[in-house]
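S.K.: model the structure of this input:
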Amino acid sequence: MYSREKRVLLREYMEQGWSKSSLAEKLGVSRRTIYHWVTTGQLDRDLDDEKVVYRKRSAVKRKIDRYKGIIHSRLTEYPELSAVRLLEEIRSTGYQGGYSQLAEYVHQVRPVPEPEPVVRFETPAGHQAQVDFAHFKLPWGVRWALVVVLSYSRMLWLRFFHRQDMNTLMSGLEQAFSFFGGVPAEALFDQMRSVVTQDNREGGGRLIENLEFLRFANHWGFRPRVCRPYRAKTKGKVERPIRYVRENFFYGREFISDADLDAKLSRWIDEVANVRVHRTTKERPVDRFEREERTVLQPLAARPYRRVGASGQQSTEVKPKTTGVPLIEVERRPLTVYSEFMEGRV
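M.R.: The predicted structure is shown next:
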């Protein structure tokens, strides 16, 4: 039986005016077959209704075929063995093919390892606080949010500030420690280069290299650490409080002033952020904090930190402000005085 494709071509060519003899030669069939198709009406029926049957292509021999057993054996024993290494091994046994053929086959048959379970890295109670800055645009200007989250209980402290600098960071941390009633053993920071850049008299290019901040950390008794980039396998190690604050508190609310912003923030922290059931711990942060973390925090410092002056000593003296321009008092005199002076009467 001749293929459907040949009959389709025959009908198309006949409509174009080809002779039956020319078609028989072109299609490789006898003229008798063509006459049979025409006289029996096989070219008049709708060939599109026929079910198309494709014959399975015969397998093409490839140079890699003889070495599949070796490849399977090696990948079973060493699943991560590279295709480059396998190419070297099978060429030593006579393989004459190319790398792409081997690489394609290795990709098809390499054993797929079971996915490693995600390991959550949780810190002990009182061990760590995570600190982050973020800016928020308000109708009257930009405000910087300083967020501090205790890694164990997820207890959250947050305040908005006018600036993102070292004074803000240290003042905010002192407020957070007072809010928690204690100090964690370490604080996990981002690089916070902008904070360091604005206050880099004695520091390096990173927050934990800034001498002023190191003195501050020593005063309060915590160890500063830099946050490494987030990785999926360390899920849970680094909280993402900024996104939570934006989506749950900031978006969709209207604020008319800084006082209004602070008032609504305080209510949100007390009534939402610290009393909701955390997705990871399955507990309310305030419950977990009161039960297991508050008592293991380090005690607060006896007094607030005082910044060190340029001389290296802690400075408490408030220097008077000067304009740099001396003030001159001018005495006003009537013009008669100057006239008498010129006449020598004065």
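S.K.: can we go C-alpha only for contacts and neighbour counts from here?
M.R.: Fine.
S.K.: neighbours around residue 134, how many?
M.R.: 15 (other CA atoms under 10 Å).
S.K.: that one contacts residue 242, doesn't it?
M.R.: Yes - the pair residue 134 / residue 242 is scored as a contact, 6.9 Å apart, by CA atoms under 8 Å.
S.K.: longest helix in this structure, please.
M.R.: helix 166-180 (DSSP state H).
S.K.: how close does residue 76 get to residue 87?
M.R.: For residue 76, the distance to residue 87 (CA to CA, to the nearest Å) stands at 16 Å.
S.K.: what do you get for residue 244?
M.R.: 51 Å.
S.K.: who's more crowded, residue 76 and residue 87?
M.R.: The neighbour count for residue 76 versus residue 87, taken as other CA under 10 Å, is higher for residue 87 (18 against 14).
S.K.: residues contacting that one?
M.R.: 99, 102 (CA atoms under 8 Å, 6 or more residues apart in numbering).
S.K.: all helices for the chain, in order.
M.R.: According to DSSP H, the helices that the chain contains are 4-15, 20-27, 31-39, 68-77, 83-91, 99-109, 166-180, 193-198, 211-220, 241-245, 258-268, 285-288, 335-342.
S.K.: now those helices as TSV including mean pLDDT and distance to residue 155?
M.R.: Compiled in TSV, the helices of the chain are given as follows (pLDDT from 0 to 100; distance: least, CA to CA, whole Å):
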stretch	mean pLDDT	distance to residue 155
helix 4-15	72	74
helix 20-27	76	82
helix 31-39	78	86
helix 68-77	90	49
helix 83-91	90	50
helix 99-109	91	48
helix 166-180	94	8
helix 193-198	59	24
helix 211-220	91	19
helix 241-245	86	11
helix 258-268	95	13
helix 285-288	94	5
helix 335-342	56	77
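S.K.: these: which one's closest to residue 152?
M.R.: When these are ranked by proximity to residue 152, the top entry is helix 285-288, at 8.2 Å, counting by CA to CA.
S.K.: residues contacting that closest one, please?
M.R.: 153-155, 274-278.
S.K.: ok, now with 7 Å
M.R.: 153-155, 274-275, 278 (CA atoms under 7 Å, 6 or more residues apart in numbering).
S.K.: for those residues, pick the one with the most neighbours.
M.R.: Neighbour-wise, the contacts of helix 285-288 (other CA under 10 Å) top out at residue 153, 27 neighbours.
S.K.: can I see the domain layout of the protein?
M.R.: The record's domain parsing of the chain by automatic domain parsing lists 4-49, 65-109, 128-296.
S.K.: could I get those domains as TSV with distance to residue 122?
M.R.: TSV is the format used below for these (distance: least, CA to CA, whole Å):
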stretch	distance to residue 122
domain 4-49	66
domain 65-109	31
domain 128-296	6
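S.K.: any idea which of these is most buried?
M.R.: Highest mean neighbour count of these: domain 128-296, a mean of 17 (counted as mean count of other CA atoms under 10 Å).
S.K.: distance between the ends of that one?
M.R.: First residue to last in domain 128-296 (CA to CA) measures 11 Å.
S.K.: residues in contact with residue 177?
M.R.: residue 183 are the contacts of residue 177 under CA under 7 Å, 6+ apart.
S.K.: perfect, that will be all.
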